[in-house]
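Visitor: with the sequence up front, the predicted model follows.
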Amino acid sequence: GSTIGIIGGGQLGRMLAMAAAQLGYRCHIYAPEADSVAAEVAAEFTCAPYEDWDALKRFGDSVDVVTYEFENLPVDALTPLAAIVPIHPRLSSLTIAQDRLNEKSHMADLGIATAPWRAVSDQASLERALAEIGMPAILKTRCFGYDGKGQVRITSPDDVATAFEAIGAQPAILEGFVDFEAEFSILLCRAADGDCTFWDASTNVHRDGILAVSTVPPAALVAGQAREAKAIARRVADAMDYVGVLTLEFFASAHGPVFNEMAPRVHNSGHWTIEGALTSQFENHIRAVCGLPLGATALTAPRVRMDNLIGHEADAWAEILSDPTAHLHLYGKDEARPGRKMGHVTRLMF
Ligand code: ATP
Ligand code: MG
Ligand code: MG
């Protein structure tokens, strides 16, 4: 029996561990927070800081391969781990994806369209960047942003004085505002031998910066751009010699797909694949990092819809279950704080 090490203790780790268990693997979770919904479904849990090398080394020695469910990891602290156990996706992918400046530069090198952007390090560089890019624009921290946190919109000259402070006066990028018709994501899984599978592009609707709904098949405009977006995703994955599930978020604009950001991991916009695809993102990720062949990704229904249950929305679980076709997933989190992802519900439509 092999053991998979998973760094990060949240719901993505939990669903990875559940998929791993189905294939007969044990999972060992490593996370700094004692409260871990992934650890609850795993065989072993190490609760220690990433910088605790003794703990990390024991973790590395206890597993056959390491993956992660979270991209805001200190790559320097993990680098010695890569010398004792394979880590997939590679830490080099993490270095690119966890910093918006690296990510955007990498896409520019590959000739991939993004919003216009400039690096910002202080008030003066913000003002120079705004003069070049114009308004409206979005100022985003280079690192650690998620669910729309760490970003602020600049729509009028009044916003300029406060924007850099508003994101905590840290290294940032300024992006021009993309006039998009819809947002969508491409999830692919790349095996160690370079074989790649794609799921259907999902159309994603965000509320308050947080993903609310994903649907497949994609809306018409998105469908027309999905082939090009998949080719882009493939190029990105090949360039990183990527192993595992990779997610790219796009804006569907009048001029074609515009890359927004990527996540070097399984993704909320792929939760529908658990019931809605022949093989889920979680299972294929496990297969890829363990060197197994990938499973088929075709839809299991003509249409699939995933709704996130944010904060107290999950309190309505009994009502959701009164629809016998609803697939309810609750992550086992104790406290329904506003904006916290508590679960999701997937419906297949025939
Ligand atoms: P996630 O939780 O997806 O990781 P995040 O905090 O990393 O989110 P982004 O995906 O960069 O943030 O932005 C959040 C949302 O803000 C996007 O899904 C989109 O709706 C909007 N947005 C971000 N950048 C732009 C842009 N340049 N033009 C227009 N809208 C944007
Ligand atoms: Mg993000
Ligand atoms: Mg995003």
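Guide: Yep, it's here. Ligands and ions are numbered 1, 2, ... in the order given.
Visitor: look at Asp35 and say how many residues are nearby.
Guide: 12 (other Cβ atoms under 10 Å). No exception for glycine: its C-beta is placed from N, CA and C like everyone else's.
Visitor: which bits of the chain sit near ligand 1?
Guide: Within the chain, the positions near ligand 1 by Cβ under 6 Å from any ligand atom are 115, 138, 145-149, 175, 177-178, 183, 206, 209, 249, 260-261.
Visitor: closest to Leu292 out of these?
Guide: Taking Cβ to Cβ as the measure, Leu292 sits nearest to Glu249 out of the residues of the chain next to ligand 1, at 27.3 Å.
Visitor: distance check, that closest one against Thr114.
Guide: Per Cβ to Cβ, to the nearest Å, Glu249 is found 11 Å from Thr114.
Visitor: common neighbours of these two, please.
Guide: Jointly contacting Glu249 and Thr114 under the rule Cβ atoms under 8 Å, 6 or more residues apart in numbering are Phe259, Asn260.
Visitor: can you show me the strands along the stretch 151-300 of the chain?
Guide: For the stretch 151-300 of the chain, the strands defined by DSSP state E, counting those that start in this stretch occupy 151-154, 172-176, 180-190, 196-198, 202-207, 210-216, 244-253, 256-263.
Visitor: relative to the whole chain's centre, how far out is the lengthiest helix in the chain?
Guide: Longest helix in the chain by number of residues (criterion: DSSP state H): helix 220-239. Relative to its parent chain, helix 220-239 has a centroid offset of 17 Å by Cα atoms, centre = their mean, to the nearest Å.
Visitor: please renumber the chain so that the first residue is 479 from this point on.
Guide: Noted, 479 is the first residue going forward, which turns the last one into helix 698-717.
Visitor: tell me the angle of it relative to strand 688-694?
Guide: 100 degrees (axes from the mean of the first three to the mean of the last three Cα atoms, to 10 degrees).
Visitor: residues in contact with helix 698-717?
Guide: 584-585, 588, 590, 659-660, 662, 664, 666, 668, 672, 674, 676, 678-679, 681, 695-696, 720, 724, 726, 728, 730, 734-735, 737, 740.
Visitor: break this structure down into its domains, please.
Guide: The chain breaks down by automatic domain parsing into domains covering 481-565, 594-654, 658-827.
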